[in-house]
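1. sequence first, then the predicted structure, then my questions.
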Amino acid sequence: MTEMILVIGANGQIGTELVTALRAKHGESQVVASDLHPPRNADSNGPFEQASVTDATAVRAIFEKYKPTQVYLLAAILSAVGEQKPKLAWDLNMNGLLNVLDLAVEFKVAKVFWPSSIAVFGPNSPKQNTPQYCVMDPNSVYGFSKLAGERWCEYYFEKYGLDVRSIRYPGLIGWKAAPGGGTTDYAVHIFHEALAKGEYQSFLSADTELPMMHMDDAIRATIGLMEAPAEKLSIRSSYNLAGVSFTPEQLSGEIKKHIFGFKLTYSDNDPRQAIADSWPKSIDDSQAQKDWGWKAEFDLPKLVEDMLLNLRKIK
Ligand code: NAD
């Protein structure tokens, strides 16, 4: 079957890499990129549609024009920005999702991907090896919009038979695109500043351990989940997914092996610290391993080596 794939929120940190990967696999003309803003990648010749996912009429027109067989919904307001604009975050993260789920049912889209986040966990969730099912009391707007989104995804699967698939991404680290205002952004900025200035000021404290993942692993997981046979998938809310967990201090130690004299300092009283403190330190992803054969490839040394190697090439 020839796929027609629609990626909404295509200009962001994940979309930039996902669209490239999907176009390499399915052909440029088979992957429609869509975003609120015009395309950033001027080299890309594939189809592009500018629209807000909260504008149901505009999104319907895109569905009518392309009749997508798969839709990836990436448009969202992330954790740090969400605390500055809570109502806007709720509106985009919820109504954008509901618009896409409704259109996907109406247009009989074969598969929908929507990412959740480790932000669905809260201060009373277990911190180490956080299980798939446990107390979930997220206290950021972003976190509870994702938790509500997970419930809607499972609901559309159960009630309408929509094949929705989802991953709770950890903090994602890639060299191709800038991060979009999340709590784990320090782990991308640190590489740029290490190369440019030999120093970086972290907005999270030295011992803040968080689950992270190299972008290549995240893209592989996303496409892997979307290609898994439907009957193998036992979770229709969102799968826990683990890559590698580390603190700013541990990341800095690894960077120092490549950039002699790299200096990491820390700022006080950043509001992102409270969000980070409410999140897990590490994730149990045994269900993803069991159901669709997930396995991360990047540990911390490999991640750091790859980031520095690629950023040096493009700087
Ligand atoms: P991003 O902020 O980098 O990109 C989001 C994109 O959505 C941007 O290009 C933006 O222009 C677009 N957008 C914003 N409002 C829109 C609207 N109304 N209509 C259409 N497009 C709009 O985010 P990202 O890091 O690429 O994240 C993508 C998804 O993955 C989000 O759902 C996010 O919550 C989730 N996620 C990301 C991470 C991470 O570390 N990057 C971790 C966990 C979950």
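-> Done, it's in. Residues are numbered from 1 along each chain as shown.

2. neighbours around Thr265, how many?
-> Using other C-beta atoms under 10 Å, the number of residues around Thr265 comes to 10. Quick note: C-beta positions are derived from backbone N, CA and C, even for glycine.

3. please renumber the chain so that the first residue is 690 from this point on.
-> Will do, 690 is the new start, and the previous item becomes Thr954.

4. per-residue pLDDT, it?
-> Here the pLDDT value assigned to Thr954 is 98.

5. can you give me the neighbour number for Ala799?
-> When neighbours are defined as other C-beta under 10 Å, Ala799 has 15 of them.

6. show me the contacts for it.
-> Residues in contact with Ala799, defined by C-beta atoms under 8 Å, 6 or more residues apart in numbering, are 758-759, 852.

7. including secondary structure and neighbour count, could these go into TSV?
-> Output for these, formatted as TSV (DSSP: H, G, I helix; E, B strand; the rest coil; neighbours: other C-beta atoms under 10 Å):
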residue	secondary structure	neighbour count
Thr758	coil	18
Gln759	strand	22
Asp852	coil	17
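
8. the ligand: which of those is nearest?
-> Closest approach to the ligand among those (C-beta to the nearest ligand atom): Gln759, at 16.0 Å.

9. show me what contacts the closest one?
-> Here Gln759 is in contact with 692-695, 798-802, 915 (C-beta under 8 Å, 6+ apart).

10. report pLDDT for it.
-> 98.

11. same question for Asn734.
-> At Asn734, the model reports a pLDDT of 80.

12. now it: closest residue in space that isn't a chain neighbour?
-> Glu717 (6.0 Å; C-beta to C-beta, 6 or more residues apart in numbering).

13. mind listing the helices for the stretch 840-989 of the chain?
-> 875-886, 904-916, 937-945, 960-966, 975-981, 989-1003 (DSSP state H, counting those that start in this stretch).

14. what does the protein have sitting close to the ligand?
-> 697-698, 700-704, 724-726, 741-743, 763-765, 767, 781, 804, 806, 858, 860-861, 868-869, 871, 873 (C-beta under 6 Å from any ligand atom).

15. that's all I had, so thanks and see you.
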